[in-house]
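> Fold the following, please.
(one chain, ligands or ions: 1)
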Amino acid sequence: MEYFKGLFLNIGLRDLIDMTIVAFAFYKIYTLVKETRAEQLIKGIIVLLVATKMSEWLRLFTTHWILQKTMTVGVIALLIVFQPELRRALEYIGRSRFFTKSFIEIKEEDITNVIEEIVEASASLSRQKIGGLIVFERETGLGEVVETGSVINGTVSSGLLINIFIPNTPLHDGAVIIRDDRIRAAGCVLPLSESMNINKELGTRHRAALGISEKSDALAIVVSEETGAISIADRGKLSRYVDIKTLRQILQNMYSSNTKKKQGLLLRWRNKNEKDRSDG
Ligand SMILES: Nc1ncnc2c1ncn2[C@@H]1O[C@H](COP(=O)(O)OP(=O)(O)OP(=O)(O)O)[C@@H](O)[C@H]1O
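So this is what the prediction gives:
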């Protein structure tokens with residue numbers, strides 16, 4: 001008991017920061033491996049670690065020796081077997097928007113314009129029953145997806161978006177990627193969802209939208225060529241028959257949550273500063 005009391009009394013600010021960093025790193029690793037084959041593996045490693053420690057405490061020398069050797073060989077085996085996953089995880093960290101341009105640079109009126117242009121384009125594609133697939137990059141960088149298409153880097157406008165999706169034009173197949181307030185690329189190939197729950201009447205356009213929303217935090221708008229219906233794929237879920245008002249609301253929420261996330265600290269600091277000045 002005294003041991004634990006001493007342990008807690010000796011915790012300082014440095015230890016708290018240390019623990020927060022470790023907890024955050026574990027949380028990030030968990031979200032990365034969740035629902036992948038690495039999730040089972042991590043559970044296995046935790047069981048092995050606990051068993052190794054327990055065998056040491058209980059002085060089960062032979063068991064402890066075997067578990068220790070298993071761990072040593074296991075680490076090397078892991079690096080070899082999970083080389084593709086490890087590569088992807090490192091690439092994911094490197095591609096993260098944390099290291100690139102910040103959303104903070106877009107003005108509020110520009111965001112409103114972008115949303116209106118996208119809403120107008122979606123409504124027009126829907127009315128004309130032209131198939132469309134528009135993906136919004138958020139925190140997960142979509143550089144790899146952009147590479148599969150043609151880079152455009154143009155201002156978002158409903159005219160350009162509609163033009164891209166006109167059938168039999170060079171870029172109409174595939175997805176448009178929007179980064180912040182720019183059309184980054186068109187004709188991009190997305191990973192297809194392997195979900196069994198998707199409605200059988202939906203084809204690859206909807207599967208592609210769902211796929212990118214499962215593999216990243218991107219949000220995708222799909223306009224069906226068959227029915228003209230607008231659907232939204234977000235965080236692995238497909239919402240069908242979205243009306244224009246709801247679409248606008250979803251886009252507003254997405255842009256404001258992205259901006260808030262990036263601006264959070266700066267805004268709070270700025271607001272506080274302004275308040276202090278006006279109080280003074
Ligand atoms: N992996 C992919 N990435 C991006 N776009 C894709 C991908 N696979 C298919 N598409 C797009 O989907 C189109 C085919 O749509 P398909 O008819 O199979 O889908 P759907 O979900 O039934 O949609 P719709 O209701 O518009 O017919 C392709 O021409 C292409 O533009």
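> Tell me where this protein has helices.
Counting by DSSP state H, the chain forms helices over residues 2-9, 13-33, 37-57, 61-81, 83-95, 108-128, 143-146, 158-165, 204-215, 244-279, given from the N-terminal end onward.
> of all those, which lies closest to the ligand?
The stretch from the helices of the chain with the least distance to the ligand (C-beta to the nearest ligand atom) is helix 204-215; that distance is 3.4 Å. All C-beta spots, glycine's among them, are computed from the backbone N, C-alpha and C.
> remind me which residues of the stretch 151-280 of the chain are low pLDDT?
For the stretch 151-280 of the chain, the stretches with pLDDT under 70 are 258-280.
> how does it look with 80?
Scanning the stretch 151-280 of the chain for pLDDT under 80 picks out the ranges 197, 257-280.
> and the stretch 101-250 of the chain, which residues reach the ligand?
Proximity of the stretch 101-250 of the chain to the ligand (C-beta under 6 Å from any ligand atom) is limited to residues 131, 133, 173-175, 189-190, 192, 202-206, 208, 224-226.
> sorry, back to before: what's the most buried one of the helices of the chain?
Comparing those by mean neighbour count (mean count of other C-beta atoms under 10 Å), helix 204-215 ranks first with a mean of 22.
> Mind giving me the packing neighbours of that one?
strand 132-137, strand 175-179, strand 219-223, strand 230-234, strand 237-239 (3 or more C-beta pairs under 8 Å, 6 or more residues apart in numbering; DSSP states H and E).
> For the shortest one, buried residues please.
Residues of strand 237-239 classed as buried by neighbour count (16 or more other C-beta atoms under 10 Å): Leu238.
> How about residues contacting that strand?
Residues outside strand 237-239 that contact it (C-beta atoms under 8 Å, 6 or more residues apart in numbering): 198, 202, 206, 209-210, 213, 231-233.
> Tell me the one of those residues nearest Ile42?
Ser213 (23.8 Å; C-beta to C-beta).
> Spatially nearest residue to that closest one (excluding sequence neighbours)?
Ala233 (4.1 Å; C-beta to C-beta, 6 or more residues apart in numbering).
> Show me what counts as buried in stretch 221-228.
Residues 221-225 are the ones in stretch 221-228 that count as buried (16+ other C-beta under 10 Å).
> How is this structure divided into domains?
2-98, 108-266 (automatic domain parsing).
> Quick check, pLDDT for Glu91.
On the pLDDT scale, Glu91 is placed at 66.
> can you check the one 5 residues further on too?
We note a pLDDT of 56 for Ser96 in this prediction.
> and the residue of this protein nearest the ligand?
Per C-beta to the nearest ligand atom, the residue of the chain with the smallest distance to the ligand is Gly203, at 2.6 Å.
> Could you measure from that residue over to Thr227?
For Gly203, the distance to Thr227 equals 12 Å [C-beta to C-beta, to the nearest Å].
> Over to Glu109?
Counting by C-beta to C-beta, the separation of Glu109 from Thr227 is 34 Å.
> and if you look at Glu117?
Distance from Glu117 to Thr227, counting by C-beta to C-beta: 23 Å.
> what about stretch 62-73, distance to the chain center?
Its chain's C-alpha centre and that of stretch 62-73 lie 38 Å apart, by C-alpha atoms, centre = their mean, to the nearest Å.
> and Ile198, how many neighbours does it have?
Counted with other C-beta atoms under 10 Å, the neighbours of Ile198 add up to 15.
> Val189 too?
Summarising burial for Val189: neighbours were counted as other C-beta under 10 Å, giving 13.
> Surely it touches Ser150?
No: look at Val189 against Ser150 with C-beta atoms under 8 Å: they stay out of range, at 11.6 Å.
> where does the stretch 1-150 of the chain have low pLDDT?
Scanning the stretch 1-150 of the chain for pLDDT under 80 picks out the ranges 1-11, 28-42, 81-109.
> and with 90 instead?
Applying pLDDT under 90 to the stretch 1-150 of the chain flags the ranges 1-16, 18, 25-46, 48, 70-111, 138-144.
> Show me the one of the helices and strands packed on helix 204-215 that comes nearest Ile46.
When these are ranked by proximity to Ile46, the top entry is strand 237-239, at 29.4 Å, counting by C-beta to C-beta.
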